[in-house]
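**Q** Next comes the sequence, and after it the predicted model I'd like to discuss.
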Amino acid sequence: MNPSKPLRADAQRNRDALLRAAREIFAEEQTDVPFEDVARRAGVGAGTLYRHFPNRDALIAAVYEGEVAALRDRAYHLMETRPPDEALAAFLREMVDHMYGQRGLARTFFAATEAAGDTLSDEGQALEEAVTAILNRGIEQAVLRDDVPAGALMLALHGIGFASVHSERRVEADGIVQLMIDGLRRS
């Protein structure tokens, strides 16, 4: 399927239904469900599934891309509607909420990243750019320190995400976020 060519309305509906179904299945931690079950849940035929996504990895990548895009958009929205330190704090907390609230998705993405040799992490660059934009605004307004790069925050979030897959210890994740926020604010 040519990603630069817009889809017909019915084809777009089918693609959206497939992505919703896959997201639901992955969120339920059913990563090894037969590929055709995604089509069945979406209410389309297997041929439609394969036309849009030739394999499970392509489907996982598309779901991941949608999740990252929504998180990125949320970061920019927070940046536009709140002071930078509050925007960053809200975003970090929402990321942790997302990770612990969508543990099945996180497990799917971590497994796919390992299997794909980390190629899915390229999508995370857009998210890091959004965090960088919030940080830069905070630096310009002299409310956030200028000596901690966005990459350090992303690495900490990645660690929290990894922990969310393997542990129920949400309280510690919230504590790490609070440490990051307190450590980034100028005194």
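**A** That came through, no problem.
**Q** which regions of this protein lie under the pLDDT threshold?
**A** 1-4, 113-123 (pLDDT under 70).
**Q** and the residue nearest to the spatial centre of it, helix, strand or coil?
**A** Residue closest to the mean C-alpha point of the chain, counted by Cα atoms, centre = their mean, is V68 at 3.5 Å. Following DSSP: H, G, I helix; E, B strand; the rest coil, we place V68 in the helix state.
**Q** what's the answer for P6, then?
**A** Quick answer, by three-state DSSP: P6 is coil.
**Q** Can you say which helix or strand has G161 in it?
**A** Using DSSP states H and E, G161 sits within helix 150-166.
**Q** and the helix or strand following that helix with helix 150-166, angle?
**A** Remark: after helix 150-166, the chain's next helix or strand is helix 170-184, criterion DSSP H and E. Comparing the axes of helix 170-184 and helix 150-166 via axes from the mean of the first three to the mean of the last three Cα atoms, to 10 degrees yields an angle of 170 degrees.
**Q** Flag every buried residue along helix 170-184.
**A** 170, 173-174, 176-177, 180-181, 184 (16 or more other Cβ atoms under 10 Å). Where you see a C-beta, it was placed from the backbone N, CA and C, and this is true even at glycine.
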